[in-house]
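J.: coords below, sequence missing:
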Ligand SMILES: Cc1cc2nc3c(=O)[nH]c(=O)nc-3n(C[C@H](O)[C@H](O)[C@H](O)COP(=O)(O)OP(=O)(O)OC[C@H]3O[C@@H](n4cnc5c(N)ncnc54)[C@H](O)[C@@H]3O)c2cc1C
Ligand code: SF4
Ligand code: SF4
Ligand code: SF4
């Protein structure tokens, strides 16, 4: 693989999830499947506009999926692309979730806001391979309940045996069935899992992860059981551009999924 | 006889540098009132220059006009250098002239192709002309690029260049950029001849009439930033005598100041320059003019487009000669020592003579200044020309024809309304 | 290590030999009031009799009494811009009849020989090698340029006031990383061979062996350069304590002075940050992806949607120092500072890295 | 794809930024494949009422007419982009905002009552919603073309507020502040000009306006260290972008430290 040079990909299908979030289904111009780990990312390139790091959502029907929120210079026009358009793609880059090493453990997924793509991908995998794992706990926080992507998906997961789905809306005033008002961290006390034999995977705003860590500590979840994915500015995606540094780590190359003890010293500090 | 009441109103005369209006009031065959209205908001340059240091003046002055910024910079620099008794090297003087030539080339090329040519080829604007005459426009743009490249070579950019300073240049250009500019000039030079032939073949209406013209006249060269002020009536003046003979006054209809020579209107600009200096043209151009049967001095304002083409040709020829020499090296400026006093200078901007006057304090800060751009000087002349030419053209023409004619007459002068800092709105009121 | 002697007049011979081997020869010249590395036509273009007078925020060339070509120490840039170009096209995207295609861009690469690099430049090169050439994603154009490089180092016979390579262990004399290394004496050069490539050139020069006396002069020069250095960067272990000083008040003090202009990172021979831009042609048919030098002092460096992670100047200066002096050690096995002093001289507001590091690590009160 | 309909409006200015269109050279014809210029008085197109996708506004607001025309332009266009120093900060003519403007007019024009101007020269954003700004005096052809390209690609350009020093260093120019003690505004000025002034061996005078996080205070102090008097430092900030808040603040700060002024204050 030439890590520097994008390959072209065709946008075969676009699913509009919400007004500003869509899932792109991309056909790569080559036969063999695109090998990746959940939690890894690609650099997507829009002609003449630029490149952005986007997590890999999954692979379905021979197509690679990316879920994108239209927020700015690149992601807006990228989300406006018509089906049949071509873009560039480099990847996969970085380290994903250590899902293969977690057999037999309870899996706790904590996500908030819209940073859920890399975690949702992992949940899919875990549910599909349910027999390998213990309980699956899905904790998701959003601002308003209609912000939740893939509502039906969550409902389906609810039906899965040993799977617990807990939702929280932080800016809601009206109570709604199956929703808790407040922050995602508040859901932890409702979650039923074995703190001694679990793995936590987190994704979302750093503030949310910082406070989740406190709750997890209260629940006696060991730090070694915690993984998290981080977001930084990526220009190159391969640890060359220097933008993504967190202490001695290059988030793109050493992460974006980190084992918490590894980055503990640097995590959650202002302006680091 | 019952007089026809005519009312034409064109809010903005287009294809001028900057914007302005014209008001024409006529009763029957009599023009009662004819005003070139310039109402571009005054930018009060002369006032905010007060207190500014001689080092900052060239940069601020450039902003008077985006089309001929260099002329404003250099005129102030030359005036101040006179006061500070700075002697710059011959090399510096020559490079400054090269830069002036670049500005003439780009400004004239822009005027000819974007502003004037549509009049003669029967289009409303150059973009419409682009389809029918892409070659004409392309040629113009290539010549313009050559001019810009000279400005860029010596000033970093063609609009508000940064290379000039009191005492010389910040630095001499690099040999590579010198070569590049030479290449551009060499490519443009053959086009200049084609251009002149093209202009000479245009069906120019003949509206010759008597008027005064004023320009610099130098002993050796075609004048740009040297020589004395010469009026077509034979008067010769030093720059210092300018204020005694030329006076400005304000009129109600315009924010620009009117300038008169001993109470009379006069022309400045390429036609005035060429009329005074045709003898200084290089041989090949003289020969070509002869071949084409074009004669200067000429009192038909419509030939000013030809004058511009002549100047482009002349400028490119001279630029080629200068650029054929090796790229200059070494110290590009001399040290200057500010001193208090008064100074003034006239140079030839693309559109005609500019006059700058400064009074500086002992640190070289402006106490008072006065800047008289070419358009202020031409303004009275344009009105006079319109008065005569419109009468000759005939008021019986339709309003639309009249409007077009007036605009064309005005465009002969290439008034730069930004530098006189001003806007043109056309209205004809006929009783 | 046998040393040879090249008489002063024969320096041109060295240049000619290198050229005959197919190298473009790059060396120091005076340009725009500084020593810059540019293609040399011949030895006469070298900065004979020129030294620099540098201090925090100041760099001035002065005429010395001697006529040596390499009496200066550093210019604003060393090797970095040649290997890691300030602006470089990485690839081009084009709309063609076959759809969107991508083409890798390779800069024109030719063998270059550098004359006059210093020990600190070589140390910096070793660090850039680690970053650009030795990781899991090596940079192809860096590698290609690097392989073609021939280095003629020169040992410093004096130190500028901003130099502190002794304390970082990187100078003033080069120990490795060169093909040839010179000690400049009044009448010529001692030449040390550092590689087979270097040996081949040395053989062609037909050198005489250097006398003991000449070698003694070189040793004295070395000692003088060592003694002249007043600045002292704390040792690496001490520098690691910076990671415990994230909340030090000093960062705020520095931020009042720091312009966050990025000059220090741009002149630093080890800094490697870059950003990318897409430059499309006017027709929107082809677009090139361009890599540009960037700096951790710019806002965009730590920008993610919704926020700038290092939003304050104090945080950016902290990032620079923390990365350069401490975290670099974890990333590449040593501090990222080679003691060249460029960031001190070329800081427009005269911030002195050593002074700041000492204040932070050792509590020095400047 | 339909062409982008563009109107170019000029308020109070020197017309220099519009030249970014007319100085394109032969590539202008390529540009015109993509855009339809419908209003551009200097270019001979007069359609002030046409509705457009993009209005480019050159110049500052200094008269009631300027203001009217701006409001008109805003309501006729989907996107409004101010171009150049005049439009983004008030430009050079905003120097008058710092002075007693009425007295000025009297001095130049014998009959100031003929001239109708607003009290100040103000940027476009003071009067209308602005979608993007191109800074620079003048803007460059590259800035303009990049804007148009990015709009064609369905997005706006990245607003690059990086400091001039970065561009200067990338071009490997030698710092004039360090070698010549020139009072360079590069460390507080926006990138995009190509670091022209340092290339000519002189100090940047800030014609592209303030950069991100300009530490004007520290730079001003450095100028003092280089030997400039407070009034001279104030003048450095009172050039092309005197009314941008960052430069204005420094102007007032240093002007107040001018010994002559504080003498007068005491009296
Ligand atoms: C590992 C990782 C995974 C991500 N996964 C997803 C995902 O699955 N879905 C999703 O919608 N978003 C994801 N993001 C966030 C996404 O990268 C940003 O939203 C995107 O870069 C914003 O670019 P923009 O041009 O639209 O926004 P603007 O705010 O206009 O950004 C301007 C420019 O900043 C630069 N930039 C580089 N890195 C970033 C960054 N991290 N955030 C913002 N700007 C950046 C880019 O060059 C970008 O064009 C992920 C980010 C990271 C680091
Ligand atoms: S940090 Fe400063 S002294 Fe150290 S290598 Fe970089 S520029 Fe040189
Ligand atoms: S993070 Fe800063 S210090 Fe580190 S390489 Fe990048 S620019 Fe240099
Ligand atoms: S260096 Fe500064 S003043 Fe000079 S052109 Fe650039 S921004 Fe303008």
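T.: Structure received. Just so it is clear, the structure is predicted and the values come from calculations on it, not from any experiment. Residues are numbered from 1 along each chain as shown, chains lettered A, B, ... in the order given. Ligands and ions are numbered 1, 2, ... in the order given.
J.: Hmm, residue C:157 and residue C:224 touching each other?
T.: Yes: assessed by Cβ atoms under 8 Å, residue C:224 is found in contact with residue C:157 at 7.0 Å. Quick note: C-beta positions are derived from backbone N, CA and C, even for glycine.
J.: between these two, which one's more packed in?
T.: More crowded of residue C:224 and residue C:157, by other Cβ atoms under 10 Å in any protein chain shown: residue C:157, with 23 against 14.
J.: middle-most residue in chain C, spatially?
T.: Chain C has residue C:269 as the residue nearest its centroid, 3.3 Å off, counting by Cα atoms, centre = their mean.
J.: That one and residue B:172: what is the separation?
T.: 30 Å (Cβ to Cβ, to the nearest Å).
J.: Chain neighbours aside, what residue packs nearest to the closest residue to ligand 1 within chain B?
T.: The minimum distance from chain B to ligand 1, using Cβ to the nearest ligand atom, falls at residue B:157 (28.3 Å). Distance criterion Cβ to Cβ, 6 or more residues apart in numbering or on different chains; nearest residue to residue B:157, sequence neighbours excluded, is residue D:196 at 6.3 Å.
J.: residues contacting the residue in chain C that ligand 4 sits nearest to?
T.: Relative to ligand 4, the nearest point of chain C is residue C:261 (13.1 Å; Cβ to the nearest ligand atom). Residue C:261 sits next to C:297, C:348, D:163, D:165, D:166, D:186, D:187 when contact means Cβ atoms under 8 Å, 6 or more residues apart in numbering or on different chains.
J.: Ok, residue B:294 next?
T.: By Cβ under 8 Å, 6+ apart, the contact list for residue B:294 reads B:200, B:303, B:306.
J.: try 7 Å
T.: For residue B:294, the contact set (Cβ atoms under 7 Å, 6 or more residues apart in numbering or on different chains) comprises B:200, B:306.
J.: Am I right that it is in a strand?
T.: No: assessed by DSSP: H, G, I helix; E, B strand; the rest coil, residue B:294 does not belong to a strand; its assignment is coil.
J.: Can you read off the pLDDT for it?
T.: On the pLDDT scale, residue B:294 is placed at 93.
J.: same thing with residue B:1?
T.: At residue B:1, the model reports a pLDDT of 38.
J.: Strands of the stretch 101-250 of chain B, residue ranges please.
T.: Residue ranges of the strands in the stretch 101-250 of chain B, as given by DSSP state E, counting those that start in this stretch, are B:164-165, B:168-169, B:212-217, B:228-231, B:236-237, B:246-250.
J.: quick one: low-confidence parts of chain A?
T.: Judged by pLDDT under 70, chain A has its weakly predicted residues at A:1, A:30-32, A:114-115.
J.: What pLDDT does the model give the spatially closest residue to residue C:55 that is not a sequence neighbour?
T.: Spatial nearest neighbour of residue C:55, excluding adjacent residues (Cβ to Cβ, 6+ apart): residue C:161 at 5.7 Å. Model confidence at residue C:161, expressed as pLDDT, equals 95.
J.: so what's residue C:161 up against?
T.: Neighbouring residues of residue C:161 by Cβ under 7 Å, 6+ apart: C:54, C:55, C:230.
J.: Of these, just the buried ones, ChimeraX syntax please.
T.: Buried residues within the contacts of residue C:161, by 16 or more other Cβ atoms under 10 Å in any protein chain shown, are selected in ChimeraX with:
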select /C:54,55
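J.: contacting residues around stretch B:148-158?
T.: Contact with stretch B:148-158 is made by B:70, B:95, B:98-99, B:101-103, B:106, B:161-164, B:169, B:173, B:177-178, B:181, B:184, B:319, D:23, D:196, D:199-200, as judged by Cβ under 7 Å, 6+ apart.
J.: ok, 6 Å please
T.: For stretch B:148-158, contacts defined as Cβ atoms under 6 Å, 6 or more residues apart in numbering or on different chains pick out B:95, B:99, B:102, B:106, B:161-163, B:173, B:177, B:181, B:184, D:23, D:196, D:200.
J.: Using the three-state scheme, assign residue D:82.
T.: Following three-state DSSP, we place residue D:82 in the strand state.
J.: Give the burial count for it, as a bare number.
T.: Here the number of neighbours of residue D:82 (other Cβ under 10 Å) works out to 29.
J.: Nearest spatial neighbour of it, chain-adjacent residues omitted?
T.: residue D:124 (4.1 Å).
J.: Return the distance of the one you found relative to residue D:67.
T.: With the distance defined as Cβ to Cβ, residue D:124 ends up 10 Å from residue D:67.
J.: Residue B:236 now?
T.: For residue B:236, the distance to residue D:67 (Cβ to Cβ) stands at 48 Å.
J.: ranges for the strands of the stretch 51-200 of chain A?
T.: A:58-60, A:63-69, A:86-93, A:106-112, A:136-142, A:163-169, A:179-181, A:198-203.
J.: my guess is residue C:47 meets residue C:30, correct?
T.: Yes: with contact defined as Cβ atoms under 6 Å, residue C:47 counts as touching residue C:30 (4.9 Å).
J.: Switch the contacts of residue C:161 over to CSV; also include pLDDT and secondary structure.
T.: Formatted as CSV, these follow (pLDDT from 0 to 100; DSSP: H, G, I helix; E, B strand; the rest coil):
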residue, pLDDT, secondary structure
C:54, 96, strand
C:55, 96, strand
C:230, 93, coil
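J.: Leaving out the residues flanking it, which one is nearest to residue 197?
T.: Chain wasn't specified; assuming chain A. Closest residue in space to residue A:197, ignoring its immediate chain neighbours: residue A:105 at 5.6 Å, by Cβ to Cβ, 6+ apart.
J.: that answer is for a different chain, and I need it for chain D
T.: If the residues on either side of it in the chain are set aside, residue D:197 comes closest to residue D:204, at 4.5 Å by Cβ to Cβ, 6+ apart.
J.: a strand runs through that neighbour, doesn't it?
T.: No: under three-state DSSP, residue D:204 sits outside any strand and is assigned coil.
J.: how far does stretch B:395-403 stretch from start to finish?
T.: End-to-end distance of stretch B:395-403: 11 Å, with Cα to Cα, to the nearest Å as the criterion.
J.: go on, stretch B:148-165?
T.: Its first and final residues considered, stretch B:148-165 spans 19 Å by Cα to Cα.
J.: Mind listing what's buried along that stretch?
T.: For stretch B:148-165, the neighbour count (16+ other Cβ under 10 Å) marks B:148-165 as buried.
J.: OK, now which residue of chain B is nearest to chain D?
T.: Residue nearest to chain D within chain B (Cβ to the nearest Cβ): residue B:66, separated by 2.3 Å.
J.: That residue touches residue D:20, doesn't it?
T.: No: with contacts counted by Cβ under 6 Å, residue B:66 stays clear of residue D:20, the gap being 9.8 Å.
J.: Against ligand 3 - does stretch C:86-100 have any residue that ends up touching it?
T.: No: Stretch C:86-100 is not in contact with ligand 3 by Cβ under 6 Å from any ligand atom; minimum separation 13.1 Å.
J.: quick one: average pLDDT of that stretch?
T.: Averaging pLDDT along stretch C:86-100 yields 96.
J.: Chain neighbours aside, what residue packs nearest to whichever residue of the stretch 151-272 of chain A sits closest to ligand 4?
T.: Residue of the stretch 151-272 of chain A nearest ligand 4, by Cβ to the nearest ligand atom: residue A:235 (25.1 Å). The shortest distance from residue A:235 to any non-neighbouring residue, by Cβ to Cβ, 6+ apart, is to residue A:241 (3.8 Å).
J.: element containing residue D:68, please.
T.: For residue D:68, the host element (DSSP states H and E) is helix D:64-76.
J.: Report the rounded mean pLDDT for that helix.
T.: On average, helix D:64-76 scores 92.
J.: Let me know whether it sits next to chain B.
T.: No: shown here: helix D:64-76 not in contact with chain B (Cβ under 6 Å from any Cβ of the partner chain), separated by at least 6.7 Å.
J.: The helix or strand in which residue D:218 is found near chain C anywhere?
T.: For residue D:218, the host element (DSSP H and E) is helix D:216-225. Yes: counting by Cβ under 6 Å from any Cβ, chain C is contacted by helix D:216-225 at D:218, D:222.
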